[in-house]
Structures are given as structure tokens and as C-alpha cells.
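Chemist: I'd like to go over a predicted model; first the sequence, then the structure.
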Amino acid sequence: MCGIVGYIGQREVVPMLLDGLETLAYRGYDSAGVVVVRDGELEAVKAEGKLEQLVEKLKGESLVGSHGLGHTRWATHGAPSERNAHPITDSKRRLALIHNGIIENFLPLKKRLIEEGWEFTSDTDTEVVANLIGSYLKHDLKAATQQAIAELEGMYAFAAVSTVSGDAEIVAARKGPPLVIGLGDGECFLASDPAALLAYTKNVVFLENGDLCRLTAAGAKIWDRDGREVERQTVRLTWDPIQAEKGGFKHFMLKEIHEQPQAIQDTFAGRVDFETNTIGFDNFALTSEEAARIERVQILACGTSWHSGLVGKFMIEELARIPVDVDYGSEYRYRDPVVGEGVLALGISQSGETADTLSAMEAASDRGAQLLAICNVPGSQATRISEGVIYTHAGPEIGVASTKAFTTQLTALFLLALYLRQQRGLPIEPQQLSELAKLPHAIADIMDTEAELEELARRYARFEDFLYLGRGINYPIALEGALKLKEISYSHAEGYPAGEMKHGPIALIDESFPVVAIATGSRVFEKVCSNMQEVKARDGVVIAVTDRPAEELSEVADEVIQVPRSSDLLQPLVNVIPLQLFAYFVAVRRGADVDQPRNLAKSVTVE
Ligand code: AGP
């Protein structure tokens with residue numbers, strides 16, 4: 001998954017491109033490059049490594065021009081290198097291209113182009129697109145691009161500039177990964193993510209799949225997949241640019257962990273009437289008849305969003321009495337699922353652009369399911385293919401490790417479970433909502449224990465292996481805690497149902513293998529205590545997360561992380577917070593790159 005940014009207008013091009021790439025760096029950071037068009041010539045500078053390498057290299061250049069493109073790369077075809085960095089030109093150097101996605105038929109196209117005399121200097125599929133457009137290019141970049149994309153198979157979001165264009169223009173096309181246009185006064189912007197445009201404009205247009213656009217300083221023209229000129233809706237972003245900045249925190253991840261009380265509050269605000277104990281959404285509604293017809297909910301998601309789906313299963317089954325399946329997006333469509341009209345397919349995605357989740361959502365919809373999305377990014381693909389959307393109001397999440405998106409997804413799932421309950425004629429109890437109202441304060445209180453968690457992380461940062469245990473609704477939290485630790489600190493961590501430990505993983509336990517056990521609530525507390533005793537009996541080390549007084553666990557835990565008590569269904573939102581902070585401080589202690597962990601990207605827009 002890569003970051004794309006483009007600009008055309010009166011500003012200095014390169015500073016704007018670099019600023020946009022800075023915001024998009026979370027989308028991929030193994031190389032970066034910019035290109036400007038100056039006096040009919042293409043001038044490009046590229047660098048391997050993070051964006052800072054490119055910035056350093058540009059200090060020695062005087063790149064000026066009327067328009068240009070910038071790219072930050074997450075390698076798919078071709079190893080990370082300057083040679084494979086974008087922008088990539090055609091071999092006649094008449095156009096430069098930046099690209100996000102995978103061209104599935106690039107090999108036969110490359111073979112044909114080589115036979116036609118086109119030369120290749122990189123290992124990328126992107127260069128095939130550049131030469132293919134070049135092979136059709138006379139004086140009309142948009143026409144040449146239109147001819148080229150007719151031959152492309154796969155997923156792409158790309159933008160091109162050329163030396164043959166009479167006036168300054170950028171041509172871009174989208175099929176799969178996101179592309180958004182920013183509209184300014186006498187200037188136009190292009191980016192993979194609206195967060196990159198926030199400092200310049202809040203008026204954006206999300207391209208649809210199959211769209212081709214031509215940007216000039218005067219504005220944008222868009223054609224759909226059938227070549228018809230179309231008008232796409234202009235969306236006014238409500239995000240504040242400052243939200244996309246670090247706000248004084250060392251890392252975006254720590255800032256976003258601290259934003260969770262507010263983000264949770266913003267996600268349920270306006271959707272809960274605490275006087276009438278009712279729930280309502282602005283982008284999703286079911287009549288009581290429609291709600292009664294739902295026989296099953298199928299949750300489709302990946303990674304952390306899949307973990308929120310596992311928690312959502314408990315919430316929906318307990319509150320709405322509807323059976324719930326939870327599937328990995330990447331697995332769902334390959335198991336020939338049983339769907340039909342009685343199925344509500346729920347896609348959960350922070351970015352709304354995760355290819356595996358989108359494919360599963362489309363597969364469910366093709367089989368007759370009603371499609372609903374829980375998503376954090378307005379106008380993203382998941383929101384466009386769904387019949388209804390429940391937005392998480394977390395604001396832009398820049399850190400690759402998902403935190404506030406996760407807890408706002410759980411908030412949205414709790415609201416959905418209550419809504420389905422309500423629409424199916426079951427009463428919502430006041431205490432079910434009062435606990436929700438208290439949640440932001442309970443979570444804010446945990447932030448006050450940050451210093452203790454940092455100290456705990458200091459003592460455990462040297463361990464290479466961890467086992468996270470949870471039961472019932474806290475089993476997904478064990479999975480999430482383990483994912484947070486492994487993806488940002490590179491230490492191995494495994495989440496497991498506590499009851500399963502004796503069926504295998506207990507063989508791993510010794511003093512070098514700390515166990516993090518989630519021991520909250522009433523239903524399974526004693527059982528988890530037994531599991532902790534089993535660990536202690538084998539010289540294991542136990543770190544317990546609990547809502548009980550520490551002395552109750554003095555026999556079974558070496559370390560106790562105390563958390564406020566909430567309702568059983570909302571306790572997961574509380575329990576995950578110290579696990580996020582623990583993972584963060586271990587990663588910092590281990591010198592890892594917290595916001596941009598190696599090999600990862602914020603949204604995986606390729607399958
Ligand atoms: C979580 O910390 C990871 N960044 C990753 O698992 C992420 O949750 C997953 O890729 C799904 O992304 P999405 O929510 O944007 O669909």
C-alpha cells in the first residue's frame with residue numbers, strides 16, 4: 001500500500017508534495033520520490049528509505065515547477081530501492097507515473113512492450129503502466145491513459161504528468177485503492193487519503209472505482225468506467241488539520257491512545273437518547289420488520305478490526321439474540337459461505353480500503369446479504385459499497401497500530417447490538433446505557449497509570465516471547481494485546497483462550513515466557529485465576545489485568561495492572577487500554593519505530 005499526492009496551482013510544488021507525503025508516510029515508507037514539470041521537462045528526485053532521505057536529497061536540488069506528483073512506497077513488485085522508487089517514467093521520458101496497487105497482467109504486457117521497443121529499468125509493475133500509456137501517447141495524456149487502463153487487470157490508483165500536455169495537467173485513475181481530489185481556489189490536489197489535504201482544503205471528491213480524472217488549476221473533470229463525464233459529490237471534511245499532527249506527543253500512537261476517551265464519546269454522541277433509552281443512527285436504519293427478518297450477522301474484517309468483530313459477536317448475540325459469525329476477510333470468500341437475504345453482512349474497517357475486507361463484503365453482497373459497514377473514513381470504498389454505514393468518529397488514525405479505531409469500533413458494535421435489540425422489540429435497560437456514559441471517564445483514569453505501565457514495560461522489554469490469555473469476551477482482547485505487542489516491538493506474542501492453555505501452550509511456560517492474563521468480571525474470574533496458578537506452578541511469570549483489589553491476586557500474579565470495573569460487555573474497552581500502553585512502552589524501550597513498524601502499512605489495499 002503506498003501514498004500518492006499531487007498538486008497543480010500557484011504554490012511551490014515540492015513543499016506541498018513533501019508535506020502531503022509526511023502525512024501519508026504511514027501508508028508505506030521503504031522509498032519515496034517527487035517529480036515536477038518545468039518548462040516542458042520532467043524533473044524527478046527519488047530516494048530509498050524513509051521520507052527524511054528524500055528531504056535530505058532535495059536540499060541539494062532546486063526543483064520548481066507548476067505541478068507535480070509525490071509518492072511514498074510499500075514495495076510489492078521490486079525490492080525497496082531508488083531504482084524501483086516512484087515516480088517512474090516511460091522509456092521516452094515523456095510522462096512520469098506514481099502508482100498504488102498491483103497490476104496482475106503486467107508480465108504479458110511487459111513482454112509485448114519490449115517487443116515494441118520499450119525499455120525497462122526497474123522491476124516494478126508500475127513501469128509497465130508508464131510505458132503502456134507512453135505507447136498510446138501523442139498529445140492527449142487523458143486519451144492515452146484511457147486506452148491503457150482498458151488493458152490493465154488488477155487494482156490500481158495512479159497519477160501521471162507529461163511533457164506533451166499543452167497546459168499543466170495531472171491525469172489519474174482509480175480501480176481499488178483510494179484516490180481523493182482536493183478542490184482549492186485556483187489549485188487542485190490529489191491524495192490517497194484526505195488527511196494529506198486537510199491543511200490545504202476541506203472540500204474533497206472521492207473518486208469511484210473505474211473513474212479517470214483530469215486536474216488543472218481551474219478544477220477537475222471526471223469520467224466513469226464507461227467513459228461518460230460525471231459529477232462526483234464534493235464532501236466537506238470536518239476533521240481539523242491539528243488532529244493529523246502529533247499534538248506534542250512523541251508518537252501518533254501515544255496521542256491516539258490518549259484520544260480514546262474523546263473518540264468513544266464522539267462515537268456514541270448523538271446516537272443515544274439517555275432519557276428515552278433509545279438508539280438511532282444517521283446513516284443506517286431498519287424498520288422493525290427488517291430487523292425481525294435478520295437471521296444471522298456475518299462480520300467480515302482483518303487484523304484488529306477482526307478482533308473487534310469477535311467482541312461484537314458477544315454483544316450482538318447477548319443483546320439482540322441474533323447468531324453471529326466472524327470471518328477473516330481473506331478467508332470468507334474462499335469457503336463458499338452460506339448467505340442469503342436473511343444475512344446482515346457487517347464489514348468492519350478503519351480505513352474502509354482493506355482489499356481483503358472489501359472482497360469479502362462484495363462476495364456477501366453478491367450472495368444476497370444486506371451490507372453494512374463500520375468505518376472511520378468518510379467516502380472510503382467500504383462506505384460506498386454498503387447500504388448503511390455506522391461511522392466511528394475517531395478522527396484520522398495515523399499510527400499503523402490501530403488503537404482508537406479499535407475502541408470506537410467496539411463502541412459502534414455495542415450501539416448496533418442495542419439498536420438491533422430495540423428494533424426487534426426488546427427493551428434497552430437504563431444501566432446498559434449508563435455504563436456506556438461512564439466509559440470515557442473510566443478510560444481516562446487509566447491514562448493516569450501511564451508511569452506505572454512504562455515502568456512495567458521497562459522490566460519486561462527484554463523478554464522475546466509472551467502469551468496473552470483471556471476468556472469469553474476478553475479472549476479477543478488477549479488477541480488484540482498480543483497483536484499490538486508483536487506488530488510494534490517485534491517480540492513474539494500469542495493470544496490464546498485461557499481455557500485452551502492446558503491443551504498445548506502450557507508446554508511453553510517457564511521463567512522466560514511471561515503470561516499476560518485478563519482476569520476481570522464475574523463469570524470467569526475464578527477460572528482465569530486457576531489458569532494463572534497453573535502458570536505459577538511451572539515457574540511462569542504472570543502479569544494480570546484485573547478489576548479486583550490487587551491483594552486478591554497476590555498468590556497467582558507477579559504483576560497486577562488494575563483497571564476500573566465496567567459492565568461485562570463494555571469491560572473489553574477498558575481492559576485493552578493498559579495492553580496498548582504496555583505494548584507502546586515496550587516498543588519504545590526496544591527502540592522500534594512505533595508509528596511505522598517495519599514491513600507494515602496502515603491499510604493493506606492489496607490482497
Ligand atoms: C492493527 O493494529 C493493524 N494495523 C492491522 O491489523 C489492521 O487492523 C488491519 O490491517 C485492518 O485494517 P482496517 O481496519 O483499515 O481494515
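Modeler: Great, that's in hand.
Chemist: Now for Phe525, how many residues are close by?
Modeler: Other residues lying near Phe525 total 16 when counted by other CB atoms under 10 Å. Any C-beta I mention is one placed from the backbone N, CA and C, and that applies to glycine too.
Chemist: Oops, could you answer that again for Leu58 instead?
Modeler: Per other CB under 10 Å, the neighbour tally for Leu58 reads 17.
Chemist: now do Thr403
Modeler: Neighbour count of Thr403, defined by other CB under 10 Å: 29.
Chemist: Please apply the same query to Asp266.
Modeler: Neighbour tally, Asp266, other CB under 10 Å: 19.
Chemist: How is it assigned, secondary-structure-wise?
Modeler: helix (DSSP: H, G, I helix; E, B strand; the rest coil).
Chemist: What score does the closest residue to it other than its chain neighbours have for pLDDT?
Modeler: Leaving out its chain neighbours, the residue that sits closest to Asp266 by CB to CB, 6 or more residues apart in numbering is His393, at 3.9 Å. On the pLDDT scale, His393 is placed at 90.
Chemist: Who are the contact partners of His393?
Modeler: Ala263, Asp266, Thr267, Ala269, Thr408 (CB atoms under 8 Å, 6 or more residues apart in numbering).
Chemist: Look up how far the ligand lies from the fourth one.
Modeler: Right, the one you point to is Ala269. 22 Å (CB to the nearest ligand atom, to the nearest Å).
Chemist: What backbone torsions are found at the closest residue to that residue other than its chain neighbours?
Modeler: Nearest non-adjacent residue to Ala269, counting by CB to CB, 6+ apart: His393, 7.7 Å away. In terms of degrees, to the nearest 10, the main-chain angles of His393 are phi -100, psi 60.
Chemist: can you check Ala291 too?
Modeler: As for Ala291, its main-chain torsions (degrees, to the nearest 10) stand at phi -70, psi -40.
Chemist: ok, and the closest non-adjacent residue to it?
Modeler: Using CB to CB, 6+ apart, the nearest residue to Ala291 is Gln423, at 3.5 Å.
Chemist: In this structure, which residue sits closest to the ligand?
Modeler: Closest to the ligand within the chain is Gly303: 1.8 Å, counting by CB to the nearest ligand atom.
Chemist: these two touch, right, that residue and Leu483?
Modeler: Yes - when contacts are counted by CB atoms under 8 Å, Gly303 is listed as touching Leu483 (7.0 Å).
Chemist: got the residues of the stretch 251-400 of the chain near the ligand?
Modeler: Applying CB under 6 Å from any ligand atom, we find that the stretch 251-400 of the chain lies next to the ligand at Cys302, Gly303, Thr304, Ser305, Ser349, Gln350, Ser351, Thr354, Thr357, Val400.
Chemist: How many residues are close by the last one?
Modeler: I take that to be Val400. Counted with other CB under 10 Å, the neighbours of Val400 add up to 22.
Chemist: residues contacting it?
Modeler: Going by CB under 8 Å, 6+ apart, Val400 touches Tyr26, Glu487, Ile488, Asp595, Gln596, Pro597, Leu600, Ala601, Lys602.
Chemist: mind redoing it with 7 Å?
Modeler: Contacts for Val400 (CB atoms under 7 Å, 6 or more residues apart in numbering) come out as Tyr26, Asp595, Gln596, Pro597, Leu600, Ala601, Lys602.
Chemist: Would you verify that the second one is located in a helix?
Modeler: No - when the secondary structure is assigned by three-state DSSP, Asp595 falls in coil instead of a helix.
Chemist: Quick check: closest non-adjacent residue to Trp118.
Modeler: Asn131 (4.2 Å).
Chemist: Then Tyr7?
Modeler: Met16 (4.7 Å).
Chemist: Which other helices and strands does the host helix or strand of that neighbour contact?
Modeler: Assigned by DSSP states H and E, Met16 falls within helix 13-24. Applying 3 or more CB pairs under 7 Å, 6 or more residues apart in numbering; DSSP states H and E, one finds that helix 13-24 contacts strand 3-8, strand 31-38, helix 51-58, strand 67-73.
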